[in-house]
Every structure is written in structure tokens, then in C-alpha cells.
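In: could you look at this predicted model? Sequence included:
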Amino acid sequence: MDRNRLIRDIPPTSATGAASTGGRLAASVVAGELTRLTPRDRHLLDLLDQHKTFTTEQLVDLAFGSIGRARNRLNTLRARDILDRFRHYQRPGSQSWRWTLGPVGAAIIAAANGATLPRPSAVRDATARLAMSPTLAHLLTVNGFFVALTGHARTHDGARLIRWWNEARCREAVGAVVRPDGHGVWHTGGRAVPFWLEVDLGTETLSRVAGKLTGYAALPPGRAYPVLFWLPTAARELNLHAYLTRSGVPDGLTVATAAAADDAAGAGGPAGPVWRVAGRGGRVSLADLTPAGGGARWDA
């Protein structure tokens, strides 16, 4: 498969951005850019550092609220090597841009963390690897779930995503017992609902998907949050519930499912009444999900 055909618009680092020795960015470039970054720019850099990549539309929901404003600012940041972007060849039409940290943006993050400034070529190589990664679609779907919650909160007073952990941060919290795709705490109506997220693209067997619950059941009570399965279709959801009915859900777990590709968007996305709890009928909103034990700490 031709990488040059698949990866679009990853330009060479600008000559003004690289130091003359060793190909590293000059510290003066980073310092100069710090004076031009807005609080929203810094927020975007932090998000991309934690979550790797977002589509243009996801960034609109996260920080801009308008596609026009988003494109103008994102293109400005890209022209300054703060951000980078790629997309795969697609016909008919074109694929949405996927945005990442550019060499200057990665250097700003490194400086903030007291780390050595990365070489621009290393940052470009990381972008190319991400663009070719077989897990890219999964990553974008995971990020899209949390973006949808953030976007919902932007338009609903009192709603807020007060925690958003990526897979690596989850692993730090729970070790090798289980590997959540993400963790969040959704706050609305005076209630905080912690949850673990499992994104399913329909590529694994149902036995493997359901088998992940064993790990969640082994977590300590303080981490016994509801487990959410974000599924690709209503048919996949129906089949998973049928499997769970036969196999059973481990004691002490609340398991809920929703189908991303069906009516979730019209029902308010993952914040809305789209969740079907295993062993129960009907649908509930994210705010109405509770751990099987009636409560679990989330502020640890």
C-alpha cells in the first residue's frame, strides 16, 4: 500500500522553524510562539497531546462551535507548524482532515513538561505512523464519543464532562487487570456519573467483547463504575444483549450499551436516553446510570 497515496498534506518543516544545528527547533521559536497562543490554542495542544488526533468536525465541537472559525484558526496554526494534519485518499469526495501536533506544537508541550524538544523529523514520523495505524479508526471513535459529550455540555447548562482519560491514563489507574478504551465522569443535574468506555467496531467476536467484563468485575469497589459499550449498529447491540443473557453479567457490574450509528445523534448523543442496561428494558440517559452497588468513588 502506497503511503504517499494514503497520507495527504504532511509538509516539510519550515526552514524558519528548525535550528541550524542538529535539525532541532530553536528555543527562540518556541518562546516566540508562546506569546501568540491564545488560551484556546493551549487547550487544543493539551487535548492533542493527550488524545493524539481529532477530525476538523470534532475540533469544532470541542472548541469552536463554528466550522468557519475552526478552519481559519486551525490553518493559521498549521502554517506556523504548531499543528499538522493528514487524511487518506478517498473517492468519491474527500476524507475529513485529521489534526495532530506539529513540530512546534510538540516542542511547546515538551518545554511545558521540562522535556527535551523533539526533532521536527521525529514529530513528522510519528504523524505518519499514526496515519497508517490500524487502530486509527478506533481511536477516532473513542475520541468522538467524548467529543460528543463535550459538545452536548457546550449547549446544555449544568452539563459537564469533568473527567476524560485516555487508554494510557486508564492503564495507570487500573494496571493490567483490564484495558478500558477510556474513562469519564459526566456531571449533570447535580449528579456525577463515572464510567468506563469500551468502543466496539464489530471486529471482535461477541465472546471476546463480553469476556472483557471479567476484568472489570475484578476491579476494587472504588473503581466499580458502569461499563459502557459503544457499538456500531443496533443489530450488533441486539446480538450482544442476547449473548449476555446466555452468559450472564458478573455480579457487581452495571453494563449498558448504545448503538452509535443509529438514533444516538437524534436522541442527544451519548448523553441522551440511548443506553440499554443489560438485564433491563427500555433506555436511560447517561446521567441515570448507576453502579450496581449504588455508588462508587470517582474523585480518586
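Out: Sure, I can see it.

In: all contacts plus neighbour counts: C-alpha atoms, from now on.
Out: Fine.

In: which SSE is immediately downstream of whichever helix or strand residue 192 is part of?
Out: Per DSSP states H and E: residue 192 is located in strand 191-199. Elements were assigned by DSSP H and E; along the chain past strand 191-199, the next helix or strand is helix 206-211.

In: can you list the buried residues in that next one?
Out: Buried residues in helix 206-211, counted by 16 or more other C-alpha atoms under 10 Å: 206, 209-210.

In: packing partners for the lengthiest helix in the chain?
Out: Counting by DSSP state H, the longest helix found in the chain is helix 136-154. Judged by 3 or more C-alpha pairs under 8 Å, 6 or more residues apart in numbering; DSSP states H and E, the packing partners of helix 136-154 are strand 54-55, strand 160-165, strand 191-199.

In: what would those look like in CSV with mean neighbour count?
Out: Below are these laid out as CSV (neighbours: other C-alpha atoms under 10 Å):
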stretch, mean neighbour count
strand 54-55, 22
strand 160-165, 18
strand 191-199, 22
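
In: show me where this structure has its helices.
Out: 3-6, 27-34, 39-51, 56-59, 67-79, 103-112, 120-132, 136-154, 167-174, 206-211, 213-217, 234-247.

In: mind checking those for the one nearest to residue 90?
Out: With C-alpha to C-alpha as the criterion, residue 90 lies closest to helix 3-6 of those, at 8.6 Å.

In: between the two ends of stretch 268-286, how far is it?
Out: Stretch 268-286 has its terminal residues 10 Å apart, counting by C-alpha to C-alpha, to the nearest Å.

In: report the buried residues of it.
Out: Buried-residue list, stretch 268-286, by 16+ other C-alpha under 10 Å: 269-278, 283-286.

In: as a whole number, average confidence for it?
Out: Averaging pLDDT along stretch 268-286 gives 93.

In: now stretch 196-216
Out: Average pLDDT, stretch 196-216: 97.

In: now stretch 150-163 - C-alpha only, CSV.
Out: Coordinates of each C-alpha in stretch 150-163 appear next as CSV, following Å, rounded to 0.1, in the frame of the first residue of the first chain:
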residue,chain,number,x,y,z
THR,A,150,-18.2,17.9,25.4
GLY,A,151,-20.3,19.3,22.6
HIS,A,152,-23.5,18.4,24.4
ALA,A,153,-22.2,20.2,27.5
ARG,A,154,-21.5,23.4,25.5
THR,A,155,-25.2,23.7,24.6
HIS,A,156,-26.8,22.5,27.9
ASP,A,157,-26.4,24.5,31.1
GLY,A,158,-25.4,22.4,34.0
ALA,A,159,-23.9,19.6,32.0
ARG,A,160,-20.2,19.0,32.1
LEU,A,161,-17.6,16.3,31.3
ILE,A,162,-15.4,16.7,34.4
ARG,A,163,-13.0,13.9,33.6
